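In: Need the 3D shape of this:
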Amino acid sequence: MPPGEPASTLVAPSYALVGAPARQLELLTAIARRTGNSVIVTDPTGRIEWVNEGFTRMTGLLPEEVLGRHPGTLLQGPDTDRNTRAQMAAAIALGVPFDVVVLNYMKGGRQSWVRIEAEPTRDELGALTGYIALETDVTAQRVAEAREAVTKRISDQLLTCDSIERAAQMVVHELSRTLDLRTAQIWTVTPAQPHLHYLAGACADNSGQEWLDTSASKTFARGTEWIVGVGAPGVAWGTAAPCIKTDFWEHDSRGQLSRRAAAAKLAGIRTVCAVPVLGPEGVIAVVEIGGSHNYPGHEQLPSLVERVTRHFGAFIVQLQSRRAFEALFRQSPDALLVVDTGGLVRRANARAVALFGDSVGRPLAALLAGGEALLDAEAPAFGEAVPLRQLTGTHADATRFSAEVAISSTTATGAPSNIVSVRDLTERHEAEEALRRSLAEKVTLVQEVHHRVKNNLQIIASLVSLQAADLESEAARAALRDTSNRIQSMALVHQQLYANDNLARIVFGDYTRALCTALHVSLAPDASLTIDADFVETTVECAVPAGLILNELLTNAFKYGHAPGQPSVVRVRIEKTPEGFAFVVSDSGPPFGDEPARKGSIGQTLIHALVRQLRAKRTQTRTETGNELRVAIPNPLG
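Out: A predicted model of the protein is given here:
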């Protein structure tokens, strides 16, 4: 029957009916019109008198090839079950109906599972006139039923397995007794292994024992195409896809059978199929099954095994997850409680016992204040990010403690439950307090160091000033006063650090104001001083040389930055830059080139050296009101 054409539209068969009464012809015509399946009509001795078009489509045999012959001779072969053949022969001898499923051979040797529903025909006197047999190809149905049955049996039994080895043995046993499979075996692999290793195997009868023994002694390399030594398991591993091979032992490139191929031939294995078992990181095992050469539906072998491998793979992953959970549960430094949906503690690890005592069977609320609200909130799945909560716990001796608590949901325990993690914060709080005390002591110590450095520098500056007062030369006294100011500029840095809580940073604007005020009073109290400073922080290593540069620029501005007979007008600006910060010193004096005292001094030499040290950029310009000198400094703090 063409695909999609209703069965009721079939025309009457065109095949001749030999020796059949008109009534039987009418009956057969009606049957043929209503079925697209194979219909056979025989005489009382079982010889074929008539077949319909469905018979030809199913078997590939034409009417002239079958008329006058026995169906059993044409359609049955060595793999057909003897008991089923005997059952049909007995029914025909008795002239009674029969309904059987039998393995039939089609034209060209193809095999199919066929359901035969046979009814005897009789004349008006009740004498047997023959048989009418309706035959249906049930191969696909039988494979599907077998797939459903074996999948259900395996999935049910996996629930009771407690090891991969036991589960593998059960899987191969169930597969080997499915339909006409001859054998089944499982190979395992880990990412670090270079070869597949045999885990378990089973065969339908003793003829496959040599095959199993050979398989158990063999390993397979990873491959992507069939070559001798790789085989179906290696290809399934390499491609992560099913591999099926028929008559594989006839393709031995060496011209002789290997031990495994010889064992396959002895066991009647002509078709092998290997299906990978997939895990989160790729192939974790391979299931290999073997069947006869013309196994009906053999092209469906991958689909038969794939559902089984999914269940087996899920079992392996779940078992590994459960083992990982158990190891984590036992070895966790935190207290772990398994709490059921009713809020009762069902399991506790060693740390939980040490923290709470015997807590199994107790409500979580008795151990943690606020435990009810903890369970009412939706818990994330185990392994996801878990929010931490601060709760109060109760020790076994009834004392209270501060606890950090997290909750997550899991099924790794065998049933839906919550994992409550409890960390006693007592030791952490004590350690934090000790750390705070230690840090305060260190801050005090460092501040004291800066204070003493500042005092020592001020003493040195005072000594230099006293020495200057005893000198008769004004030039010598001026040089020593400049040296004293330089020492004071460094002392101010340490004074800033001593006065601040942050010992790593200097607020350069505050430092600038202090330095400007000190130099203003010391060098030119009648000068006009303006300070404008952005908020800039820098390190001690940057502040000391920058302060020395600023000291020299201010000293020059107060000494020389004014017109004859006029007080200095000095402006200082601190500003942020993309690279760091800059300070600008302006005065109202003559151009730099017109004042020899500004050139060739130790101050200028010091400025040049410190600018290079800081990798700074120095620029000087003449303005309408005087001179402006700018120093841009890269800031280590950004």
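In: helices and strands around the helix or strand harbouring residue 116, which ones?
Out: Here residue 116, judged by DSSP states H and E, is contained in strand 111-122. Judged by 3 or more Cβ pairs under 8 Å, 6 or more residues apart in numbering; DSSP states H and E, strand 111-122 is in contact with helix 82-94, strand 98-105, strand 128-137, helix 139-158. C-betas here are computed from N, CA, C, even on glycine.
In: winner for burial among those?
Out: strand 128-137 (a mean of 20; mean count of other Cβ atoms under 10 Å).
In: contacting residues around that strand?
Out: 20-21, 24, 27-28, 31, 35, 37-44, 46, 49, 55, 58, 71, 92, 95, 104, 112-123 (Cβ atoms under 8 Å, 6 or more residues apart in numbering).
In: From the residues you listed, keep the buried residues only.
Out: 20, 24, 28, 31, 35, 37-43, 46, 49, 55, 58, 71, 92, 104, 112-116, 118, 120-121 (16 or more other Cβ atoms under 10 Å).
In: roughly how far apart are residue 478 and residue 613?
Out: According to Cβ to Cβ, to the nearest Å, residue 478 stands 26 Å off from residue 613.
In: Ok, residue 69 next?
Out: According to Cβ to Cβ, residue 69 and residue 613 sit 113 Å apart.
In: now do residue 524
Out: 28 Å.
In: which of these two has more neighbours?
Out: residue 524 (20 against 14; other Cβ atoms under 10 Å).
In: residues contacting the residue nearest to the more buried one when sequence neighbours are not counted?
Out: Leaving aside its chain neighbours, residue 524 sits nearest to residue 558 (4.0 Å; criterion: Cβ to Cβ, 6 or more residues apart in numbering). Going by Cβ under 8 Å, 6+ apart, residue 558 touches 519, 520, 523, 524, 527, 568, 570.
In: mind checking the SS state of residue 558?
Out: helix (DSSP: H, G, I helix; E, B strand; the rest coil).
In: What does the pLDDT read for it?
Out: Residue 558 is assigned 84 on the pLDDT scale.
In: Please tell me how far it sits from residue 426.
Out: Between residue 558 and residue 426 the distance, using Cβ to Cβ, works out to 62 Å.
In: Strands of the stretch 401-550 of the chain, residue ranges please.
Out: Listed in chain order, the strands of the stretch 401-550 of the chain (DSSP state E, counting those that start in this stretch) span 417-424, 506-507, 528-533, 537-538.
In: Walk me through which strands the longest one pairs with, and which way each runs.
Out: Counting by DSSP bridges, the strands paired with strand 417-424 are strand 335-339 (antiparallel), strand 400-410 (antiparallel).
In: So what touches that strand?
Out: Strand 417-424 is contacted from outside by 332, 334-341, 346, 352, 355, 364, 367-368, 374-375, 379, 382, 386, 393, 401-411, using Cβ under 8 Å, 6+ apart.
In: which outside residues touch the strand holding residue 116?
Out: With contact meaning Cβ under 8 Å, 6+ apart, strand 111-122 is reached by 24, 27, 38, 41, 58, 75, 77, 79, 88, 91-92, 95-106, 128-139, 142, 294-297.
In: Surely residue 464 and residue 487 touch.
Out: Yes. Shown here, residue 464 and residue 487 form a contact pair, counting by Cβ atoms under 8 Å, at 6.8 Å.
In: Centroid-wise, who is the farthest residue in this protein?
Out: residue 472 (84.4 Å; Cα atoms, centre = their mean).
In: Output the contacting helices and strands for the one helix or strand residue 631 maps to.
Out: Secondary structure assigned from DSSP H and E places residue 631 in strand 627-634. Packed against strand 627-634 by the contact rule (3+ Cβ pairs under 8 Å, 6+ apart) you find helix 540-560, strand 580-587, helix 602-614, strand 617-622.
In: what do you get if the cut-off is 6 Å, keeping everything else the same?
Out: Judged by 3 or more Cβ pairs under 6 Å, 6 or more residues apart in numbering; DSSP states H and E, strand 627-634 is in contact with helix 540-560, strand 580-587, strand 617-622.
In: Next, format these as JSON lines and append distance to residue 209.
Out: JSON lines is the format used below for the helices and strands packed on strand 627-634 (distance: least, Cβ to Cβ, whole Å):
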{"stretch": "helix 540-560", "distance to residue 209": "83"}
{"stretch": "strand 580-587", "distance to residue 209": "84"}
{"stretch": "strand 617-622", "distance to residue 209": "90"}
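In: of all these, which lies closest to residue 155?
Out: strand 580-587 (69.5 Å; Cβ to Cβ).
In: just to revisit the earlier point, tilt between the strand holding residue 116 and strand 98-105?
Out: Counting by axes from the mean of the first three to the mean of the last three Cα atoms, to 10 degrees, strand 111-122 lies at 140 degrees to strand 98-105.
In: Pull out the buried positions in stretch 541-553.
Out: Neighbour-count burial for stretch 541-553 flags 542, 543, 544, 545, 546, 547, 548, 549, 550, 551, 552, 553 (criterion: 16+ other Cβ under 10 Å).
In: swap in stretch 193-212?
Out: Using 16+ other Cβ under 10 Å as the test for burial, stretch 193-212 gives 196, 198, 199, 200, 201, 202, 203, 204, 208, 210, 211, 212.
In: Out of these, which sit inside strands?
Out: Residues of the buried residues of stretch 193-212 located in strands (DSSP state E): 196, 198, 199, 200, 201, 202, 203.
In: tell me which of those residues is nearest to residue 153?
Out: Distance to residue 153 across those (Cβ to Cβ) is lowest for residue 202, with 13.7 Å.
In: what are the bridge partners for residue 532, then?
Out: residue 573.
In: what's the distance between it and residue 572?
Out: Remark: distance between residue 532 and residue 572 (Cβ to Cβ) = 7 Å.
In: out of the two, which sits in the busier spot?
Out: Each of residue 532 and residue 572 has its neighbours counted (other Cβ under 10 Å); residue 572 has more, 22 against 12.
In: which residues does the nearest residue to the more buried one once chain neighbours are set aside contact?
Out: Nearest non-adjacent residue to residue 572, counting by Cβ to Cβ, 6+ apart: residue 531, 4.9 Å away. By Cβ atoms under 6 Å, 6 or more residues apart in numbering, the contact set of residue 531 is 513, 516, 572.
In: so for stretch 326-346, what's the average pLDDT?
Out: 87.
In: swap in stretch 354-362?
Out: 89.
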